[in-house]
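1. no sequence on this one, just coordinates:
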């Protein structure tokens with residue numbers, strides 16, 4: 001899973017410039033909820049690939065996306 005995350009992060013970096021700030025706030029063991037700043041399909045992927053290095057991330061998806069015939073195999077990987 002780490003390799004897949006690194007590959008996805010690398011691919012996304014060709015299109016998007018991402019800067020993560022405030023990771024020092026993630027050093028304790030408290031629970032955090034990460035939310036994108038606006039509605040977009042790629043934001044959760046960007047957040048997942050960059051934050052996965054720092055904290056344990058559990059991505060969520062609505063049933064509509066999970067049942068999609070093209071996306072379901074990828075969700076099963078996670």
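-> Perfect, thanks for sending it. These figures come from a predicted structure and were not determined experimentally. Residues are numbered from 1 along each chain as shown.
2. okay, residue 55 and residue 14: tell me how far apart.
-> Distance of residue 55 to residue 14, given as CB to CB, to the nearest Å: 25 Å. Any C-beta I mention is one placed from the backbone N, CA and C, and that applies to glycine too.
3. which one's more surrounded, the two?
-> residue 55 (14 against 6; other CB atoms under 10 Å).
4. quick one, phi/psi of that one?
-> Dihedral pair for residue 55: phi -140, psi 160, per degrees, to the nearest 10.
5. give the contact list for it.
-> Neighbouring residues of residue 55 by CB atoms under 8 Å, 6 or more residues apart in numbering: 26, 32.
6. helices of the protein, start to end?
-> 2-15, 43-51, 63-66, 72-77 (DSSP state H).
7. so what touches the third one?
-> This points to helix 63-66. Contacts of helix 63-66 (CB under 8 Å, 6+ apart): 71, 72, 75.
8. quick one: average confidence on stretch 29-42?
-> Averaged across stretch 29-42, the pLDDT comes to 75.
9. contact partners of it?
-> For stretch 29-42, the external contacting residues (CB under 8 Å, 6+ apart) are 12, 16, 26, 43, 44, 47, 51, 55, 57.
10. PyMOL command to pick out the buried ones of those?
-> This is how PyMOL selects the buried members of the contacts of stretch 29-42, with burial counted by 16 or more other CB atoms under 10 Å:
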select buried, resi 44+47+51+57
